[in-house]
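>>> For reference, the sequence and a predicted model appear below.
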Amino acid sequence: MKESVFSAIALYVQSVFRGAWSIAGSCKTALPYLIRWGDLKKEVTEGYPDPISSKTADDLPTRSRGLLFNDIDRCTGCRECETACPSRCIRVESEPGSDQAKVWVSVFDIDFSRCIFCGLCVEACQPGSLVHTKQYEGAAYAVPDLVASFGRGQITEEHRNKWAMMRKLGESDGVAP
Amino acid sequence: MMTSENSWIVAWSNSLGFPEALPQWLYAVVALVSVFVFVVVPSGGLMSYLERKLAADLQARVGPNRTGPAGLLQPIADLFKLLQKESRVDWSWKENLWLSVHTMALYSTLAVLPLGSMAVLVNTEMSVFLPFWSALVLALGTMLLGLSQNSVPGWFGGIRVAAQTLAGSFPALISLLCTGVRSGSFRWSALAESQGFSPWEWTVFANPFQMVAFSVFVMSGLVLLAIPPLDGGLSMSDIHGGVSSHLYGRRLSLFQFGRFYGFFFWSVITVVLFLGAWDLPAQVTVSLKAGGANQVLALLELIWLLLKTFGLMLLIVWVAKVNSRSRVDQITDFTWKVLSPFSLFALVGASLWAGWRAI
Ligand code: SF4
Ligand code: SF4
C-alpha cells in the first residue's frame, strides 16, 4: 500500500500521543506511593539501625549478611571458601598441626576492602565455621585495617615443644578437630 | 537601567533608613544581590529538600531524615560538606575561565528575573528574549568548559550540551511568541496584566493552542538547560555526568547550584508567561495599593509567584523521577521532530485565534 501524506501524519500524531500516554501512565503508577494509598503505604527501604531510627542490629533481617566471622576452632582449613570467593579476598594457609590428622590454620585473612558480602563462602563452608555476623559497621581509616585475621598464627618452636609434651602425656592438645 | 516606577529596591532601602538618592549602580547591585540571597538561594534549599522527599515517596524510599526534624537541615549539611571537600590539583586556568563565563551568563539573567509587578528590574519589549541570549552564552561556556577539560566525558558532555541547547532554543522561542500574540507585548508587566488571578484567566487555558505552546515551552526549556528528565547532555550512566564529571567540591556546588538556578529561572518565566504571573485578585491589589501598603503587596505577589513556581517544578520532578532517562539522541530527535512542529502549529493557531478575536 502506498503511504499517503495523511496516513503519515496520522501515524506521527498517534506516536506522539502514545509517548505522552506512556509518560502519564508511569506518573499514575507512582502516585499511590506518594499519597500512601492502600497497601502501598509502607516504605520498602529499612531505616539504618542506629539511635535515630531506634533500630538495633537485632532488628536486621535474619539472613542479613554482615561482617564475616570465622570460628577458627571449627575451621578445617579446607579452603573451600577461598575457592568459592568471587572477589578472591580470603587467604587461607594451613599446615599439619600437632599430628598428621590435624590441621593448623595459621592464616585466615578476609580482606573486607574487596569483599562484596555475597555469602558464597559461608555457603561453601561445610563445618559451618564461617558465618555472617550482624555487625554492619566496619569503616576504618586505612585500607590495610580492613583485613580481618582469624588465623592462629605461624607454628612456632614453642608450639611444637608443647605438643610433643602433651603427646607424651597422652592428653588432648586442644587443637580441633 | 532602572526607571523610577519599578525601582522597588529604592523604596525598600529608603524604608530601611538608608539615605535617599544613592547612585543608580549601587541600587542595581543591591537589587541583584538581594534577589539572589533572599529569593534564589532559599528556594534552592527548599526545592532540593522537597525534590528529594518527593522522589523518595514516589519510589517507596524514606529520603533524608537525619539532619534536623524530618531531614529539614539536609540542604545546609550538603552545602557545608561540598564546601569543605578538597578539589583536584590539576585544574587548568582554562577551566576556571569557562566556568566563570558559564556562571556569569547564568546569573546575568537575574537582571531580567520578573518577581512581581514592583520587582522587575529590566522591563522592556526585549526582556523576555534576554534569557535566550544568556542560554546561548551559557551553552557556549559549558561546551568550552567541557572541551578544556581534556577528558572524554568533558568533550562528549560539552558537545551534547551544545546540541541540546541548539535544539531546544528553537521551539522555546516559537512557543514564547505565542504568549506575545495573546498579550500584544513582550513586557513582563504587559504579560502579567493580560492574565489574572483565577486559572481561567491564565494564558495557558486561554485556548488549546496556548496549551500546546505551554507544554512545548516547558519541555524545550528542559532540553535547553539539560534539566532532568531531559538531561542527556549531562547523563550519569554513559558519560559520568559529562561536563560536571571534572568538577569537585566548591566548583561542583557552583555548577550544580547553577543547574538548579536554570531550572528555577525557567519555571519562573513559565509561570509569568503562561500561569497567571504574580496576579492577585483584583480587589486585593487595588485595596493594598490604595492603602499605600506597596511592600506588603510586593511580598504577597512574590509568595504567590513562588508557590506556583514550586508547584510547576515539583510536577516536573514527578515526571522526571518515575520515567526512565532519555538518551541524548532521543532528546534532540524529539525536540527537532516533535517539539518544533508542535510549536509552529501552536503559533499559527494562536495567531489565528487572536486575529479571529480581534475581528
Ligand atoms: S562474602 Fe563473598 S566476597 Fe566476601 S569473602 Fe565471602 S565469598 Fe568472598
Ligand atoms: S572457613 Fe570453612 S570453608 Fe573456609 S577453610 Fe575453614 S572450614 Fe573450609
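Yes, it's here. Residues are numbered from 1 along each chain as shown, chains lettered A, B, ... in the order given. Ligands and ions are numbered 1, 2, ... in the order given.
>>> Quick one, grab the pLDDT at the residue most central in space within chain A.
The centroid of chain A falls nearest to A:Phe117 when counting by C-alpha atoms, centre = their mean (1.8 Å). pLDDT, A:Phe117: 93.
>>> nearest spatial neighbour of it, skipping sequence neighbours?
A:Arg65 (4.7 Å; C-beta to C-beta, 6 or more residues apart in numbering or on different chains). Any C-beta I mention is one placed from the backbone N, CA and C, and that applies to glycine too.
>>> again, but for B:Val271
Distances taken as C-beta to C-beta, 6+ apart place B:Lys308 nearest to B:Val271, at 4.7 Å, with adjacent residues excluded.
>>> So which other helices or strands are in contact with the helix or strand containing that neighbour?
If you go by DSSP states H and E, B:Lys308 is part of helix B:294-322. For helix B:294-322, the packing partners by 3 or more C-beta pairs under 8 Å, 6 or more residues apart in numbering or on different chains; DSSP states H and E come out as helix A:5-34, helix B:8-15, helix B:41-58, helix B:208-224, helix B:249-274, helix B:282-290.
>>> Can you tell me which residues in the stretch 51-200 of chain B are near chain A?
Neighbours of chain A within the stretch 51-200 of chain B, by C-beta under 8 Å from any C-beta of the partner chain: B:Leu54, B:Asp57, B:Leu58, B:Gln59, B:Ala60, B:Arg61, B:Val62, B:Asn65, B:Arg66.
>>> Turn those into JSON lines, including neighbour count, distance to B:Ser34 and pLDDT.
Listed next are these as JSON lines, based on neighbours: other C-beta atoms under 10 Å in any protein chain shown; distance: C-beta to C-beta, whole Å; pLDDT from 0 to 100:
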{"residue": "B:Leu54", "neighbour count": "17", "distance to B:Ser34": "29", "pLDDT": "86"}
{"residue": "B:Asp57", "neighbour count": "18", "distance to B:Ser34": "34", "pLDDT": "81"}
{"residue": "B:Leu58", "neighbour count": "20", "distance to B:Ser34": "35", "pLDDT": "82"}
{"residue": "B:Gln59", "neighbour count": "16", "distance to B:Ser34": "37", "pLDDT": "80"}
{"residue": "B:Ala60", "neighbour count": "17", "distance to B:Ser34": "41", "pLDDT": "77"}
{"residue": "B:Arg61", "neighbour count": "14", "distance to B:Ser34": "37", "pLDDT": "78"}
{"residue": "B:Val62", "neighbour count": "17", "distance to B:Ser34": "36", "pLDDT": "78"}
{"residue": "B:Asn65", "neighbour count": "17", "distance to B:Ser34": "33", "pLDDT": "80"}
{"residue": "B:Arg66", "neighbour count": "14", "distance to B:Ser34": "32", "pLDDT": "79"}
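>>> Can you pick out the most distant pair from the residues you listed?
Greatest spacing in those, by C-beta to C-beta: B:Leu58 and B:Arg66 (20.2 Å).
>>> Next, count neighbours for whatever residue of chain A ends up closest to chain B.
Residue of chain A nearest chain B, by C-beta to the nearest C-beta: A:Ala30 (4.1 Å). A:Ala30: 19 surrounding residues under other C-beta atoms under 10 Å in any protein chain shown.
>>> Can you pull the poorly scored residue ranges out of the chain?
Reading this off chain A. A:1-2, A:38-44, A:100, A:171-177 (pLDDT under 70).
>>> switch to chain B, that's the one I care about
Confidence mapping of chain B against pLDDT under 70 gives the ranges B:1-22, B:87-89.
>>> ok, back up a step: for whatever helix or strand comes next after the helix holding B:Lys308, which helices and strands make contact with it?
Counting by DSSP H and E, the next helix or strand C-terminal to helix B:294-322 is helix B:328-334. Helices and strands touching helix B:328-334, as assessed by 3+ C-beta pairs under 8 Å, 6+ apart, comprise helix B:152-183.
>>> How about the helix it packs on, which residues are buried there?
Buried residues in helix B:152-183, defined by neighbour count with 16 or more other C-beta atoms under 10 Å in any protein chain shown: B:153-183.
>>> Now do that helix: distance to the chain's middle.
Relative to the chain's own centre, helix B:152-183 is displaced by 13 Å; criterion: C-alpha atoms, centre = their mean, to the nearest Å.
>>> helix or strand right after it?
Next helix or strand after helix B:152-183 toward the C-terminus (DSSP H and E): helix B:188-193.
>>> Could you count how many residues lie near B:Leu130?
Counted by other C-beta under 10 Å, the residues lying close to B:Leu130 total 15.
>>> Leaving out the residues flanking it, which one is nearest to it?
Nearest to B:Leu130 is B:Val112, by C-beta to C-beta, 6+ apart, at 4.6 Å.
>>> Surely that neighbour and B:Ala119 touch.
No - contact criterion C-beta atoms under 8 Å: B:Val112 and B:Ala119 do not qualify, at 11.8 Å.
>>> where does B:Val292 fall, phi/psi-wise?
One correction, residue B:292 is Gly, not Val. B:Gly292 has phi and psi values of phi 80, psi 10 when expressed as degrees, to the nearest 10.
>>> Report the separation between it and ligand 2.
Distance of B:Gly292 to ligand 2, computed by C-beta to the nearest ligand atom, to the nearest Å: 83 Å.
>>> ok, longest strand in chain A?
strand A:103-111 (DSSP state E).
>>> Only the buried residues of the helix or strand following that strand, if you could.
Sequence-wise, the next helix or strand downstream of strand A:103-111 (DSSP H and E) is helix A:120-124. Within helix A:120-124, the residues that count as buried by 16+ other C-beta under 10 Å are A:Leu120, A:Cys121, A:Val122, A:Ala124.
>>> which other residues reach helix A:120-124?
Here helix A:120-124 makes contact (C-beta atoms under 8 Å, 6 or more residues apart in numbering or on different chains) with A:65, A:68, A:80-86, A:90, A:130-132.
>>> elements contacting the helix or strand following it?
Following helix A:120-124 in sequence order, the next helix or strand is strand A:130-132 (DSSP H and E). When contacts are defined as 3+ C-beta pairs under 8 Å, 6+ apart, strand A:130-132 sits against strand A:68-70, helix A:120-124.
>>> Of those, which is nearest B:Leu72?
Counting by C-beta to C-beta, B:Leu72 lies closest to strand A:68-70 out of these; the figure is 38.3 Å.
>>> now that closest one: how far from the chain's centre is it?
10 Å.
>>> Quick check: next helix or strand after it?
Per DSSP H and E, the first helix or strand lying C-terminal to strand A:68-70 is helix A:80-84.
>>> does ligand 2 sit close to that next one?
Yes - for helix A:80-84 and ligand 2, the contact criterion (C-beta under 6 Å from any ligand atom) is met by A:Glu80, A:Cys81.
>>> Pull out the buried residues from that helix.
So for helix A:80-84, counting by 16+ other C-beta under 10 Å, buried means A:Glu80, A:Cys81, A:Glu82, A:Ala84.
>>> Could you dump those into CSV with distance to B:Ile316 added?
Written out in CSV, the entries for the buried residues of helix A:80-84 read as follows (distance: C-beta to C-beta, whole Å):
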residue, distance to B:Ile316
A:Glu80, 54
A:Cys81, 50
A:Glu82, 52
A:Ala84, 48
